[in-house]
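Visitor: Next comes the sequence, and after it the predicted model I'd like to discuss.
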Amino acid sequence: MNDKIIIFDTTLRDGEQSPGASMNTAEKLRVAMQLERLGVDVIEAGFAAASPGDFEAVSQIAKQASTIKVCSLSRATQNDIKAAGEALVHAKNRRIHTFIATSPIHMEYKLKMTPNEVIKRAVEAVEYARTFCDDVEFSCEDAGRSDISFLKEITDAVIAAGASTINLPDTVGYRLPHELSQMIATMVEFVNNRAIISVHNHNDLGLATANSLACIQAGARQVECTINGIGERAGNAALEEIVMALKTRADIFAPLHTGIITKEIYPTSRLIASITGIEPQPNKAIVGKNAFAHESGIHQDGMLKHRQTYEIISAADIGIEADTLVLGKHSGRHAFKDKLARLGYELSEEALNEAFDKFKLLADKKKEVFDDDIREIVANEFIKIDEVYELVSLSAAGSNKAHTSAAITIKNEGELKSDASLGNGVMDAIFKAIDRSTGTKGVLKDYQVRAVSSGKDAMAKVTVKVKFEGAKTVTGHGLDVDTATASAKAYLNALNSYLCKA
Ligand code: KIV
Ligand code: ZN
């Protein structure tokens, strides 16, 4: 059996199913390119049949990926599989992932199909998927609650039909490590190298990582996971946790290994948090803000004497560099470019010029510019969407909510438009003024503000989730040292993203 664990990342599919995590095509492309850099083996780029936007995102990623295998999910239906096959047509390496539920409760109540009908549908799906590509993965949805004898029967049938990976998800995050370990060991023995056994664990009981590791020990050779563990409900197994557990406990797991470049873990985690607006909890393993913070005096003393007294992973191993070179308004282009290289960014000349201009504007307002400030500036350069509306100026007055007003000027196709509104507080006035000047009406679903780095003059990063007419909720981001301006930029960014998708 192979010692390499295949890392199948589903941040763009299951991860995107997290409430409020939806991304536009430009953002998905940026994530896909970063996942390639991270060394992921297979990327589930989306669910091509779900919407024209999803189809477009999968096909753009398929065109641009160079080494990574690109995969699309599809239910076991002709339409879904056709959409997946067509979206992937330009990929150098591609896979279709098709699935149907196999647990008694799903078959009886959700599918209203008999087990024999489910097997027939699964076989037809795999055979049809094979007409589009050689690499077909089949998932037994809710395998964790399926009968083992039925899992064997359907697995036999889909392998004969041409599936080369059999995924056994604990869809509802119900199982404990020893139970999944037993299921996987039985299936590995049964399959006997005719296909790779994959696992896909949800985190409803907080066990997704532990379950995935137990499955790997039992013989699974593909693990499905997401960055920061985002995903449906309580999320999926977190890529960074599985990879770092395998590496840190090589004494137990070797020779098992992954191809992940661990120094890219932290930049990838920040990118996902920045795009989705979903910050990992501060005490989240590996990538949480406090994961390498030592607060108690006893711990700090121990750390100073010997780091390994309280540290099992070095922050540098996952790409967190000490912020030694802080930039400021006297820093030149060379220092800025050097900093970008150290943070792992390679920008085209044009993007570098734009990012440098933004850095200079920021450095005029803010004494010290930290790594996290630079990451945010650069994230914007990579994710370009058409700026149908651009903020030119904003003035908001009155902290007394009865007398709050905002006046705004925006640019639309070269033309300046100004408008003003009263509001129930500053943000309400700003968003209403934008609605008036653009002739749209958005409903604000979520509003978050975060200081990007430390200091009273820290840049504010505002993330809004807005529902525009006839569309899914879209996310927008705005960055500025002034929170009101950052909020206006975030709202306009959401509107531009909505107009790009429409
Ligand atoms: O959780 C699950 O069962 C899934 C499948 C579609 C693989 O996401
Ligand atoms: Zn899932």
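Guide: Good, I have the coordinates. Ligands and ions are numbered 1, 2, ... in the order given.
Visitor: Please count neighbours and contacts with C-alpha atoms only from this point.
Guide: Will do.
Visitor: just how off-centre is stretch 389-404 within its chain?
Guide: On the basis of Cα atoms, centre = their mean, to the nearest Å, the separation between the geometric centre of stretch 389-404 and that of its chain is 33 Å.
Visitor: now the end-to-end length of it.
Guide: Start and end residues of stretch 389-404 are separated by 24 Å (Cα to Cα, to the nearest Å).
Visitor: Give me the buried positions along that stretch.
Guide: Of the residues in stretch 389-404, those scored as buried under the neighbour-count criterion (16 or more other Cα atoms under 10 Å) are 389-391, 394, 396, 404.
Visitor: Between those, which sits nearest residue 350?
Guide: Relative to residue 350, the closest of the buried residues of stretch 389-404 is residue 390; by Cα to Cα it sits at 19.6 Å.
Visitor: Mind splitting this structure into its structural domains?
Guide: Dividing the chain into domains by automatic domain parsing, as the record does, gives the ranges 6-276, 292-316, 323-382, 390-501.
Visitor: Buried deepest among the ones you listed, which one?
Guide: When you average the neighbours per residue for each of the domains of the chain (mean count of other Cα atoms under 10 Å), domain 6-276 leads with a mean of 21.
Visitor: Quick check: which of the domains of the chain is nearest to residue 286?
Guide: Set against residue 286 and scored by Cα to Cα, these come closest in domain 6-276, at 6.5 Å.
Visitor: if we can go back for a sec, so which of the buried residues of stretch 389-404 are in helices?
Guide: With helices identified by DSSP state H, none of the entries of these belong to them.
Visitor: Just name the closest of the residues you listed to ligand 1, please.
Guide: Top of the list for closeness to ligand 1, among the buried residues of stretch 389-404 and by Cα to the nearest ligand atom, is residue 389 at 36.8 Å.
Visitor: Now the closest one. Nearest residue, chain neighbours left out?
Guide: For residue 389, the nearest residue in space outside its immediate sequence neighbours is residue 412; the separation is 5.0 Å by Cα to Cα, 6 or more residues apart in numbering.
Visitor: From ligand 1, how far out is that neighbour?
Guide: 41 Å (Cα to the nearest ligand atom, to the nearest Å).
Visitor: Equivalent analysis for residue 98, please.
Guide: Relative to ligand 1, residue 98 is positioned 8 Å away (Cα to the nearest ligand atom).
Visitor: helix/strand/coil for that residue?
Guide: The three-state label given to residue 98 by DSSP: H, G, I helix; E, B strand; the rest coil is strand.
Visitor: For the closest residue to ligand 1 within the chain, give me its contacts.
Guide: Of the residues in the chain, the one nearest ligand 1 is residue 171, at a distance of 3.8 Å by Cα to the nearest ligand atom. If you count contacts by Cα atoms under 8 Å, 6 or more residues apart in numbering, residue 171 has them with 141-144, 200-202.
Visitor: re earlier: got the buried residues of stretch 389-404 as a markdown table, with pLDDT columns?
Guide: Putting these into a markdown table (pLDDT from 0 to 100) gives the following:
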| residue | pLDDT |
| --- | --- |
| 389 | 94 |
| 390 | 93 |
| 391 | 95 |
| 394 | 96 |
| 396 | 88 |
| 404 | 89 |
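Visitor: Just the ones of those residues in strands?
Guide: Counting by DSSP state E, the members of those that fall within strands are 389-391, 394, 396, 404.
Visitor: Okay, now the unreliable bits of this structure?
Guide: Applying pLDDT under 70 to the chain flags residues 1, 322-324, 380-384, 399-402, 501-502.
Visitor: just checking, residue 377 touches residue 359?
Guide: Yes: taking Cα atoms under 8 Å as the definition, residue 377 is a contact partner of residue 359 at 7.3 Å.
Visitor: All the strands of this structure, residue numbers only.
Guide: Defined through DSSP E, the strands belonging to the chain, from first to last, are 6-9, 42-46, 69-75, 94-101, 136-141, 165-170, 196-201, 222-225, 389-397, 404-412, 415-423, 442-451, 460-468, 474-480.
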